[in-house]
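A.B. asks: Structure of the sequence below:
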Amino acid sequence: MEDLLAHARVKCPFCEQQGHNTKKKNLALYEDGSYRCYRCRTKGSDHKKLEKLFQTAIFTPPKPRDTFPVFTPLFRHEKYIGYWNYLRKRGFTRRHIGDSGVGVLSTRRFYVSFPIRWHKVLLGFFSRGITSREFPQHYLDPDVDREKIVYNMDAVMLHDKPVFIVESVMDAVINGLDRTVATLGKELCDPQFRLMCKWFIGREVIVAFDGDAYDDVDALTGRFRMNGINAFPAYLPPCEDACSINGKLERFIRKEKK
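C.D. replies: Numbers count the residues shown, from 1 in each chain. Presented below is the predicted three-dimensional model:
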């Protein structure tokens, strides 16, 4: 996951010294001044020293990323009545709104937007339309690979409680950010799966996708079990999701024998 936080990628002069003729930008520069090459494995803590050593502008500090649009947390502004009413109808309380940091982006009218972070670093937003005309959208930093993101993973992996795996950010928030992660869709990418297998060994995992995804629930549960994860399916009623049942996933868990 650390490569998600790379500030910029440039060509590596260490690779050139070692005779590697490559045009790829393998050297990652991070916001804290450190660097790492993903080809020759050279790494260090201060890229300014490299700039002085090689006397090349390639190591000048990269320009800051384009900032995200203005974001207004709902918890601090109750004047957004329409957004508050939408979330309350979905079962959200003031605690859910405050814990998730949900708010409104200046470029996303008629959307509620949930910040997506990794160890307090903002990677982007998940936005959900408050009317039937808008579809869910992911608004991520251009340097972020969505296939490597598991929402709320950094918080859940700090303890050993049972873990619920749901589809969307809203499902995760309503079921408790102390025990729920979201895959941002039914199709789990290999980097996401490997990340969860690494941290879920020895823990109980409950796969709770929407009620129209029984096959996906069975497939992912079996995949976890093949990798030594103690996984169980939760079959939600048709046309229901983990958000619409107000977070009471325990009622639908089917603990089958392996």
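A.B. asks: Now for residue 113, how many residues are close by?
C.D. replies: Around residue 113 there are 27 other residues, counting by other CB atoms under 10 Å. Heads up, the C-betas are built off the backbone N, CA and C, glycines and all.
A.B. asks: Specify the beta-bridge partners of it.
C.D. replies: Counting by DSSP bridges, residue 113 forms beta bridges with residue 103, residue 127.
A.B. asks: wait, isn't it in contact with residue 107?
C.D. replies: No - in this structure, residue 113 is not within contact of residue 107 by CB atoms under 8 Å, at 9.7 Å.
A.B. asks: for this structure, what spans make up the helices?
C.D. replies: 13-17, 47-54, 81-89, 94-100, 153-156, 169-174, 190-200, 214-226 (DSSP state H).
A.B. asks: okay, the third one in PDB with CA atoms only?
C.D. replies: Right, the one you point to is helix 81-89. As requested, C-alpha coordinates have been extracted for helix 81-89 and formatted as PDB (Å, rounded to 0.1, in the frame of the first residue of the first chain):
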ATOM      1  CA  ILE A  81     -30.900  19.800   5.300                       C
ATOM      2  CA  GLY A  82     -31.300  17.700   2.100                       C
ATOM      3  CA  TYR A  83     -28.100  15.800   2.600                       C
ATOM      4  CA  TRP A  84     -28.900  15.200   6.300                       C
ATOM      5  CA  ASN A  85     -32.300  13.900   5.500                       C
ATOM      6  CA  TYR A  86     -31.000  11.500   2.900                       C
ATOM      7  CA  LEU A  87     -28.500  10.000   5.300                       C
ATOM      8  CA  ARG A  88     -31.000   9.700   8.100                       C
ATOM      9  CA  LYS A  89     -33.400   7.800   5.800                       C
END
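A.B. asks: for it, which positions count as buried?
C.D. replies: Buried residues in helix 81-89, counted by 16 or more other CB atoms under 10 Å: 83-84, 86-87.
A.B. asks: likewise the fourth one?
C.D. replies: Neighbour counts over helix 94-100 (16+ other CB under 10 Å) mark 96-97, 100 as buried.
A.B. asks: Dump the residues you listed into TSV; add pLDDT and distance to residue 183 as well.
C.D. replies: Rendered in TSV, the data for the buried residues of helix 94-100 read as follows (pLDDT from 0 to 100; distance: CB to CB, whole Å):
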residue	pLDDT	distance to residue 183
96	88	20
97	87	23
100	89	17
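A.B. asks: Reformat those residues into CSV and put distance to residue 174 next to each item.
C.D. replies: Formatted as CSV, the buried residues of helix 94-100 follow (distance: CB to CB, whole Å):
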residue, distance to residue 174
96, 6
97, 11
100, 9
